Structures are given as C-alpha cells and as structure tokens.
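Undergrad: Take this sequence and fold it.
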Amino acid sequence: MYTVIEGGVTAAAGFQTASTAAGIKYKNRKDMAMIYSEKPCKAAGTFTTNIVKAAPVKWDQKIVKEYEYAQAVVINAGIANACTGAEGMGYCAETAQAASAALKVPESAVLVASTGVIGMQLPIEKLSDGVKAMAPKLKGTLEAGNEAAKAIMTTDTVEKEVAVEIEIGGKTVTIGGMCKGSGMIHPNMCTMLGFVTTDVCISKQLLQEALSQDVKDTYNMVSVDGDTTNDTVLLLANGMAENPEINEKNEDYQKFCEALNYINTTLAKKIAGDGEGATALFEVKIIGAESKEQAVTLSKSIITSSLTKAAIFGHDANWGRILCAMGYSGAQFDPEKVDLFFESAAGSMQIIKDGVALDYSEQQATKILSEPEVTAIADVKMGDASATAWGCDLTFDYVKINADYRS
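TA: Below is the predicted model:
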C-alpha cells in the first residue's frame, strides 16, 4: 500500500532540479529544466511507436538500452527537435556535453528531452547557456520540483506532478513524477514527456519491465486528438532508499509496481484532463468484456470519437455516438446486450439497457455531464475483463490553439 505525499520529481532522496528562462521560443517564462541525481541511476524508458522519431527520442533510446546508468536529464520546451536530421542529433550530443561539463558526469549519463514546434532547429547556444545557468541552482526542494514541472509546459495550462511513499524491506521508498502533455496526445505513446524518479534499489531489468508493462494501462490509454510524435517516459532509480535490491518478482516488486501504477495513472489523467481547449476529463470504462484486448479496443474507440467528444463538450447524452464508436472499433460484441451508464460528481444514471434507450431525464443527464470529470461505463456482458481509457471533450478552443500554434 502506498501513501500519497506532496511533491514531484524531487520527492525521492537524492534528486534535484533546476529551471531557467533560456529564451528558446517563449518570452518572459522559464523554458528549460534539469533533473539531477546525487548518485548514478538505473534508467528505464518507453518511447513513441511513431516511425518519425525526434532526435531526443533516438538519443534516449540508445542511452537507456546501451549504458549502465544515467544521472541527469535536460529538458527544453518550445522547440521539439523533431524532423531536424543530423543537425538535430548533433544538438543532443552538444546538450549532453554541456551538462557533462557542468555536472561532472559522463556524456553517456545525460538524457535529453525536447517539446514544442516540429521542424525548427534548436538554438544550441541558448541551450548550452541554459545548462550552465541551471547547474549551480540545483535543489532538492519541492518548490524546485514544481518550478521544473512548470518550465516544461507548452500548451499545458497547469503543471502536472505527483508523489507517493511505500515501505519496502523496512525502508521508506519514494516515487515522484512530473509530465507535460496537452495536444497531439494518443495511445502507443502519446505526445508527452514524463519523468519519474525513485530512490528504490532495483535491478535495471525489472525497472524496465515494470515501466513497459505499466504504460499499457496508463499513458497508452490516453487520447486527446489522435496525433502522436515526440513521446518519452523516463524512469530513474538511484537506490538511495537502501532497501534490499529488488531482483525478482516478489512481494516487494509488486508493491513497487502498484505505487508506480498510481504515479503513471495520475499523470495520464492529468494529461487527458488538460487536453488543449478541454473543459472536462472524459473517462471511459468497458466492463464485462470477453478479453482485455476487446475492452481496450472498445474503450479507445469511444475516447477517440470526435462526435462523442463534441457531445461531452455540449453536455449532451448522445449515447448513439458511443454505441456507434464501439461498432466500428473492430471488436466483436452484441449491441443488443450493451448497458450504458454516465457518472460524475453530480450523480449516476443508466442511459441504455440491452442496447435500447431508457426513459431517462435529459435534464439530469445534462447535469451529470456538466461536471469537470465525466465517466461513461459500458457493460458488454461477455465476461470479466475490463479496461479504462481517458480523454477530454472537443471544444472550439482546440481548433483555435492548433490553427496558429507555430505563430
């Protein structure tokens, strides 16, 4: 069992952050952040499945796969360093070199991440200067962590962070995280950056396995708009909790996985709820499914339906759009057996039973759908499997934001 605590990436022992206004694209705001561990970390990562991968994605994939440890992460907002060719890869190396010199760590221990406009080259002098400015300011305070979470935002409207504590081997283990993501968000990794830090002592193999398994039910169940490019989630473990090393899938490993799932689920929901222009977090639960695969397919189909998302924005219980989205998902089910419910802080209501509308109150349905967090539950009555996906409503502001994003 875990305990939710205040903080983010600096909550775990030995982790420090700094942030600065490097002037990469934004004016009068911080746009660079650095994460540093006092001790070398086992590193795990999951990355976009898009064939078009940004330079930082390729850089981090190599570090995570080929090197024994990592110790720092340098993040910039404003320019994504995506579709930038050999020059963009060179900027990853130069950023790592600057961090290596400033922090006295190997270049191979420096991970990099970029988010923002695609196709623009990074102003590497500003990045290098930003690294030099941040290194002396590194602190392990909650405030420093919060400032770092703010610095990595692009179209996000709020910073996103979370932390928990668990007991493993008689030691207190802490896991904290921060992420950014608001637009171009879709399963199989969405366009987002996520950074999770922990002081647990665990083998690199199990750290990677824990993360790879967990993203399937967390970040990969989020969709804002169906687009995806520059995605990275990094998990760093420095062992400073001094628990007996987790090197097998025992009770300690399960405890860690449970706490990690809470961190990633919370961050995933924060991304969905802060979708570009969104006014509501839209959660979809498929229950009574024949298999997990069927439940995942159905829930993702609903969460990505533009018509359904527009109905949520209009607080309209247009259940036909949900059933339609289930029907074209590719999953087989009997629409004449489906029960559908809407839930929120304003109450719950069954809308259809066995595929047919009930005599429900439209006024009460609108009230339920007017809350900032809304859940649709579809029971397909075929088995015991389930899945949950998260998205948001589709609003006028989404179009406005993306019509002039580069300008």
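Undergrad: count of residues packed around Asp129?
TA: Counted by other CB atoms under 10 Å, the residues lying close to Asp129 total 16. Any C-beta I mention is one placed from the backbone N, CA and C, and that applies to glycine too.
Undergrad: Just the element for it, please.
TA: Asp129 is part of helix 124-134, with elements assigned from DSSP states H and E.
Undergrad: Beyond that helix, next helix or strand please.
TA: helix 142-151.
Undergrad: Over that following helix, what's the mean pLDDT, rounded is fine.
TA: In this model, helix 142-151 has an average pLDDT of 98.
Undergrad: can you list contacts of that helix?
TA: Residues from elsewhere that reach helix 142-151 (CB atoms under 8 Å, 6 or more residues apart in numbering): 6-11, 16-20, 29-35, 75, 77, 138, 159-161, 176, 178, 180.
Undergrad: where in the stretch 101-250 of the chain is pLDDT low?
TA: The model of the stretch 101-250 of the chain has pLDDT under 70 over residues 182-191, 224-230.
Undergrad: hmm, try it at 50
TA: Scanning the stretch 101-250 of the chain with the threshold set as pLDDT under 50 gives 229.
Undergrad: Give me the buried entries from the contacts of helix 142-151.
TA: 7-11, 16-20, 30-35, 75, 77, 138, 159-161, 176, 178, 180 (16 or more other CB atoms under 10 Å).
Undergrad: Could I get the full set of helices for the protein?
TA: Counting by DSSP state H, the segments of the chain that form helices are 55-66, 85-103, 124-134, 142-151, 204-214, 251-273, 292-303, 306-313, 319-327, 362-369, 396-403.
Undergrad: Any chance of JSON lines for those helices, columns distance to Ile352?
TA: Putting the helices of the chain into JSON lines (distance: least, CB to CB, whole Å) gives the following:
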{"stretch": "helix 55-66", "distance to Ile352": "42"}
{"stretch": "helix 85-103", "distance to Ile352": "50"}
{"stretch": "helix 124-134", "distance to Ile352": "54"}
{"stretch": "helix 142-151", "distance to Ile352": "41"}
{"stretch": "helix 204-214", "distance to Ile352": "33"}
{"stretch": "helix 251-273", "distance to Ile352": "24"}
{"stretch": "helix 292-303", "distance to Ile352": "14"}
{"stretch": "helix 306-313", "distance to Ile352": "14"}
{"stretch": "helix 319-327", "distance to Ile352": "5"}
{"stretch": "helix 362-369", "distance to Ile352": "12"}
{"stretch": "helix 396-403", "distance to Ile352": "28"}
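Undergrad: quick one on the thing from earlier: tell me which of the contacts of helix 142-151 fall in strands.
TA: The strands, defined by DSSP state E, take in 16-20, 32-35, 75, 77, 160-161, 176, 178, 180 from the contacts of helix 142-151.
Undergrad: circling back: comparing the helices of the chain by mean pLDDT, which bottoms out?
TA: helix 396-403 (a mean of 76).
Undergrad: Give me the buried positions along stretch 324-336.
TA: Under the neighbour-count criterion of 16+ other CB under 10 Å, stretch 324-336 has 324-326, 329, 331, 333 buried.
Undergrad: Can you give me the distance of the most far-flung residue of the chain relative to its centre to Gln350?
TA: Most distant from the centre of the chain: Asp359, at 39.0 Å, with distances by CA atoms, centre = their mean. The gap separating Asp359 from Gln350 is 11 Å, by CB to CB, to the nearest Å.
Undergrad: can you check Ala99 too?
TA: 55 Å.
Undergrad: what does Lys25 give?
TA: 48 Å.
Undergrad: Tell me which of those two has more neighbours.
TA: Taking other CB under 10 Å, Lys25 and Gln350 do not tie; Lys25 has more neighbours (18 against 13).
Undergrad: First residue to last residue on stretch 198-212, what's the distance there?
TA: End-to-end distance for stretch 198-212, by CA to CA, to the nearest Å: 16 Å.
Undergrad: Over to stretch 21-30?
TA: Using CA to CA, the gap from the first to the last residue of stretch 21-30 comes to 4 Å.
Undergrad: residues touching the residue nearest the centre of the chain, list them.
TA: With distances taken as CA atoms, centre = their mean, Ala268 lies nearest the centre of the chain, 4.4 Å away. Ala268 makes contact with 218-219, 221-222, 390, according to CB under 8 Å, 6+ apart.
Undergrad: cool, Ser291 as well?
TA: Applying CB under 8 Å, 6+ apart, the residues contacting Ser291 are 383, 385.
Undergrad: I'd like the distance between it and Asp393.
TA: Distance from Ser291 to Asp393, by CB to CB: 29 Å.
Undergrad: and if you look at Lys139?
TA: Distance of Lys139 to Asp393, given as CB to CB: 38 Å.
Undergrad: And Gln364, by the same measure?
TA: Look at Gln364 and Asp393: by CB to CB, they are 19 Å apart.
Undergrad: repeat for Ala387
TA: 21 Å.
Undergrad: Likewise for Val64?
TA: Taking CB to CB, one finds Val64 at 35 Å from Asp393.
Undergrad: same deal with Leu267?
TA: From Leu267 to Asp393 the distance is 20 Å (CB to CB).
Undergrad: Lys255 too?
TA: Distance from Lys255 to Asp393, by CB to CB: 36 Å.
Undergrad: go on, Lys58?
TA: As judged by CB to CB, Lys58 and Asp393 stand 34 Å apart.
Undergrad: repeat for Glu87
TA: For Glu87 relative to Asp393 (CB to CB), the value is 39 Å.
Undergrad: Compare the two and say which is more crowded by neighbours.
TA: Asp393 (23 against 12).
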